[in-house]
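Peer 1: Fold the following for me, if possible:
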Amino acid sequence: MAYITFQPKDNFNTVAWTGTSSSPLNVTGFGFQPDWVWNKYRAGAGDHQVYDVVRGATKMIIPNSSAAESTNANGVTAFITDGYTVGSDLNVNGGASVGWGWKAANSQGSSNTDGSINTTYTSANPTAGFSISKFTVTGSTATVGHGLGVAPRWILVKTLAGTGAWQMYHASIGPTKYAEFHTNAFATSSGRWNDTAPTSSVFTISNEWSNGKVLVAYCFAEKKGFSKFNTFKGNNSADGSFVYTGFKPGFVLLKRNDSGYSWAIVDSKRSTTGSNLTDKYLIPDTNAADQSASVDLLSNGFKLRSQAGGFNASATYVYMAFAEEPLVSSNNIPATAR
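Peer 2: Below is the predicted model of the structure:
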């Protein structure tokens, strides 16, 4: 069995917090500077908002929308040692909220020249398997360096200037298809990735992106004991499927492998049950508030407790999961990865 040598909370964390509309307000408790921040006001309708260190604070893109990047001077205004600072935007700072944060290189990074297109900046954390890259396409098929040293299993790409879909590569559906993140469309037949799987140094994009488009890519490689990107089969039962991850999940994003069913996010910090059973989920392709869910986040995976089609029908689902806690040896110390 494989384990990691670092603590998951040093590279990913969830913070449930309550906004006050006062500005500035520091959102803390992450334990590190998050370089990719995803924030959601969860008490009512409000857009998901994403910020990162490569594009810079105040530069907002919205997972539930195809809208272009915009400047939100009252959104996330700074990345700080233990979290981030927010302004007075009520979609960020208006009440009960949640923030998910991932650590890259703790800096904007530098140009990656591994691909046929040089990135403007790549901020990479190979230890935790996460990188952020910003680059400009030429209108031709090209490769882009990701800086992880191993092939990513999950890639999310968004056009920054002008309307453009959020497009996802997941190793489990392969490079001949893509899913849209801002809608419930799934496994669209396309040459977006030029029918080419990522390598240890680059991923491939096709000529379907127009010349001069500026894109951002979030790339994730699997790290045993910390992250998992795979599929599972639902069983359409209240005693639902168990999905082995090799760690206690702190965050799970899942989607049924067809259109008509939304994405769903569960985490370990929003639950009101006081147990392993999390009773809340958010929908990243809509602006909806917290919804009711039944998912057990266990020491070595997660178990579905719902027969809802979006969670546990007799269908296949893709997921990404990040650890809250690693599995440990008998002396309560994470064992070395192998």
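Peer 1: Now stretch 201-218: average pLDDT?
Peer 2: Taken as a whole, stretch 201-218 carries a mean pLDDT of 94.
Peer 1: Could you pull out the buried residues of it?
Peer 2: By neighbour count with 16 or more other CB atoms under 10 Å, stretch 201-218 contains the buried residues 201-206, 209, 213-218. All C-beta atoms are positioned from the backbone trio N, CA, C, and that covers glycine.
Peer 1: What pairs with the helix or strand containing Tyr84, parallel or antiparallel?
Peer 2: Tyr84 is part of strand 83-86, with elements assigned from DSSP states H and E. Strand 83-86 sits in its sheet next to strand 25-28 (antiparallel), strand 76-80 (antiparallel), going by DSSP bridges.
Peer 1: Which strands and helices lie in contact with the next helix or strand along the chain from the shortest one?
Peer 2: Scanning forward in sequence from strand 25-28, with DSSP H and E defining helices and strands, the next element found is strand 36-41. Applying 3 or more CB pairs under 8 Å, 6 or more residues apart in numbering; DSSP states H and E, one finds that strand 36-41 makes contact with strand 49-52, strand 76-80, helix 90-93, strand 96-102.
Peer 1: and among these, the most buried is which?
Peer 2: strand 49-52 (a mean of 25; mean count of other CB atoms under 10 Å).
Peer 1: Can you give me the domain assignment for the chain?
Peer 2: Domain ranges of the chain: 10-102, 121-220, 227-326, per automatic domain parsing.
Peer 1: can you list those in a markdown table and add distance to Ser111?
Peer 2: Listed next are those as a markdown table, based on distance: least, CB to CB, whole Å:
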| stretch | distance to Ser111 |
| --- | --- |
| domain 10-102 | 11 |
| domain 121-220 | 7 |
| domain 227-326 | 26 |
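Peer 1: between the ones you listed, which one is nearest to Gly115?
Peer 2: Comparison of the domains of the chain against Gly115 by CB to CB identifies domain 121-220 as nearest, at 3.8 Å.
Peer 1: ok, of the helices and strands packed on strand 36-41, where does mean pLDDT dip lowest?
Peer 2: Among these, helix 90-93 scores lowest, with a mean of 90.
Peer 1: of all the helices and strands packed on strand 36-41, which lies closest to Pro8?
Peer 2: strand 96-102 (11.0 Å).
Peer 1: Tell me which helix or strand comes right after that closest one.
Peer 2: In N-to-C order, the element after strand 96-102 by DSSP H and E is strand 121-125.
Peer 1: Adding distance to Phe6, write the helices and strands packed on strand 36-41 out as TSV.
Peer 2: Listed next are those as TSV, based on distance: least, CB to CB, whole Å:
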stretch	distance to Phe6
strand 49-52	21
strand 76-80	20
helix 90-93	29
strand 96-102	14
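Peer 1: Which one of these lies nearest to Ser190?
Peer 2: Using CB to CB, these put strand 49-52 closest to Ser190, at 22.9 Å.
Peer 1: So which residues make contact with the closest one?
Peer 2: For strand 49-52, the surrounding residues in contact (CB atoms under 8 Å, 6 or more residues apart in numbering) are 35-40, 57-63, 72, 75-76, 79, 84, 91-92, 104, 123, 132, 216, 218.
Peer 1: Any idea how far it is from the middle of the chain?
Peer 2: How far strand 49-52 lies from its chain's middle: 11 Å, per CA atoms, centre = their mean, to the nearest Å.
Peer 1: Which residues does the helix or strand following it contact?
Peer 2: Counting by DSSP H and E, the next helix or strand C-terminal to strand 49-52 is strand 59-60. For strand 59-60, contacts defined as CB under 8 Å, 6+ apart pick out 49-52, 69-72, 75-76.
Peer 1: So what are the sheet partners of strand 59-60 and their directions?
Peer 2: strand 70-71 (antiparallel).
Peer 1: which residues touch the strand it pairs with?
Peer 2: 58-61.
Peer 1: residue ranges of the helices in this protein, please?
Peer 2: 90-93, 309-312 (DSSP state H).
Peer 1: Relative to the whole chain's centre, how far out is the worst-scoring helix or strand of the chain on mean pLDDT?
Peer 2: Each helix and strand of the chain was given a mean pLDDT (mean pLDDT, DSSP states H and E); the minimum falls on strand 188-189 at a mean of 78. Computed by CA atoms, centre = their mean, the chain-centroid distance of strand 188-189 equals 21 Å.
Peer 1: Check which helices and strands it is in contact with.
Peer 2: Strand 188-189 packs on strand 177-180, going by 3+ CB pairs under 8 Å, 6+ apart.
Peer 1: And the strands in the stretch 101-250 of the chain, which stretches?
Peer 2: 121-125, 130-136, 142-145, 154-159, 166-170, 177-180, 188-189, 202-205, 214-220, 227-233, 242-244, 247-256 (DSSP state E, counting those that start in this stretch).
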